[in-house]
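> Predicted model and sequence follow; I will ask about them next.
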Amino acid sequence: MTTTPTSPALDPADTAALADLAHRSHQVITQYQHPSGAYPASPTFSAYRGFAWFRDGSFTAEGISRYGDVESANRFHDWASTVLTDRADDVARLVAAAAAGEDVPVERMLPTRFTLEGADGTADWWDFQTDGYGMWLWAVTTHAGRHGMDLARWTTGIRVCVAYVAAFWDRPCYDWWEENLEHRHVSTLGAIYGGLAAVAESGVLDADGAAKARQVAGEIRKLVREEGVHGGHLTKWLGSEVVDGSLPACVVPFGLVEAGDPIAGATLDAVARDLDVDGGVHRFRADVFYGGGQWLLLSALLGWNRAVTGDTDAAWRYLRWMVSHTTSGGDMPEQVPDHLLAPEHRDEWLERWGPVATPLLWSHGMYLILADELGIFRGTRDRRDGGQLR
């Protein structure tokens, strides 16, 4: 859904500047896209450099797809599908072991990050995370639908991915932030739901595969409504009472809770109340990573939800906050040190990994999504050359 800009402060100069930043975001993402098609999480950050995540990449590809650069998004989806296809035998063994009642150790599960060439990383990481696999199913299906493409190009990878998440969706794993292995996270379940629900209706699966995807999606929705709601809103993990900045994704785009559902509205309001300060959104109240700053991509996520539900004033507020925290060179960081939740922890992360990731491609991808939702690209779509705004 795309809305019409309604901010009374918007003028043609504003529109041009925001479109220029969209152009810059596209430039950053495609400049660093690897020949394999992978989007590196950040080209300069010590812990992210040389690695790609399905989670980051799926949202980045969605922004690129909305921008109109079909080829760049295709290349990412080619990379992701190849990563999965190359592991088809591994997934088959994992699924068979689970079906036989084996307690499969997390060390055998698919990793969450890969080298840009598609290999497993060799360094220790918080690797067992299933959200990215659901996100990719949603992203590739959405991209193909938007541009009238045949999903057959990615069929093998899609089927491997569906088999994997259908077998392990209800197992505790690390969350979006690579923490809390012992819990079942509502945002993770939402991502898997969104992917399975999308692919089940896409026609790419056979009848049995589509039925399985629908079945698991239904089980996820039922479980979350029974154990992932407190005080009328979604919670960080099953049985929790607190919220997380990733929870709006369970509404838009993944649809675990429909936008008009009272739970959806209560969730967006709870996230804004607990984690939004002046338009910048924190991950969660107990965050200590780099002192617990505000994340640009989470501001975009909440803004995206507000735009879809018709609150464009709020959506513009989040977009403008992102713009105000972009570097003079047009790079968007992962987070900024405004209103730190745990300032005493900032220095330890600076010493460990250096300055905050800048640019973070996920931040740029989310800017493209929110800018498109607010109509920043309108009037420029027919003047594209090679996917770039003139």
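All right, it came through fine. Since we're looking at a predicted model, the values are computed, not measured.

> Quick check: nearest residue in space to residue 167, chain neighbours excluded?
Counting by C-beta to C-beta, 6 or more residues apart in numbering, the nearest residue to residue 167 once its immediate chain neighbours are dropped is residue 95, at 4.5 Å. Glycine gets a C-beta too; all of them are placed from N, C-alpha and C.

> did I read that right, the one you found in a strand?
No. With DSSP: H, G, I helix; E, B strand; the rest coil as the criterion, residue 95 is assigned helix and is not in a strand.

> secondary structure class for the residue most central in space within the chain?
The residue lying closest to the centre of the chain (C-alpha atoms, centre = their mean) is residue 59, at 4.4 Å. Under the three-state scheme (three-state DSSP), residue 59 adopts helix.

> ok, for it, nearest residue in space, not its chain neighbours?
residue 365 (5.0 Å).

> and that neighbour, helix, strand or coil?
helix.

> List the contacts of it.
Applying C-beta atoms under 8 Å, 6 or more residues apart in numbering, we find residue 365 in contact with 25, 29, 56, 59-64, 297.

> Pull the contacting residues for the residue nearest to the centre of the chain.
135, 139, 297, 362, 365-366, 369.

> picking that back up, report how many residues lie close to the residue nearest to residue 167.
Using other C-beta atoms under 10 Å, residue 95 has 17 neighbouring residues.

> right, and it touches residue 162 too?
No. Using C-beta atoms under 8 Å, residue 95 makes no contact with residue 162, being 10.5 Å away.

> quick one on the thing from earlier: distance of the residue nearest to the centre of the chain from residue 375?
Using C-beta to C-beta, to the nearest Å, we find residue 59 at a distance of 20 Å from residue 375.

> And residue 230, by the same measure?
36 Å.

> same thing with residue 350?
39 Å.

> do residue 81 as well
Distance from residue 81 to residue 375, by C-beta to C-beta: 32 Å.

> quick revisit: in strands, which of the contacts of residue 365 fall?
The members of the contacts of residue 365 all map outside strands under DSSP state E.

> Of those residues, which is the nearest to residue 259?
Using C-beta to C-beta, residue 62 comes nearest to residue 259 of the contacts of residue 365, at 17.6 Å.

> which residues touch the closest residue to the closest one other than its chain neighbours?
Once flanking residues are discounted, residue 62 sits nearest to residue 139: 5.3 Å by C-beta to C-beta, 6+ apart. Residues in contact with residue 139 (C-beta under 8 Å, 6+ apart) are 58-59, 61-62, 65, 77.

> Can you name the element that comes right after the strand or helix carrying residue 139?
Per DSSP states H and E: residue 139 is located in helix 131-146. Later in the chain than helix 131-146, the nearest helix or strand by DSSP H and E is helix 155-168.

> Over that next one, what's the mean pLDDT, rounded is fine.
For helix 155-168, mean pLDDT is 98.

> Please enumerate the helices of the chain.
12-32, 54-67, 70-85, 88-99, 131-146, 155-168, 186-200, 207-227, 262-275, 296-308, 312-324, 346-353, 361-373 (DSSP state H).

> pLDDT below threshold where in the stretch 201-350 of the chain?
Within the stretch 201-350 of the chain, no stretch has pLDDT under 70.

> and residue 81 and residue 375? which has more neighbours close in?
Ranked by neighbour count (other C-beta under 10 Å), residue 81 and residue 375 place residue 81 first, with 22 against 17.

> how about the nearest residue to that one, chain neighbours excluded?
Nearest to residue 81 is residue 157, by C-beta to C-beta, 6+ apart, at 2.9 Å.

> and the one you found, how many neighbours?
Neighbour tally, residue 157, other C-beta under 10 Å: 24.

> List the contacts of it.
Residue 157 touches 80-85, counting by C-beta under 8 Å, 6+ apart.

> From those residues, pick the one nearest residue 219.
Using C-beta to C-beta, the contacts of residue 157 come closest to residue 219 at residue 84, 22.5 Å.
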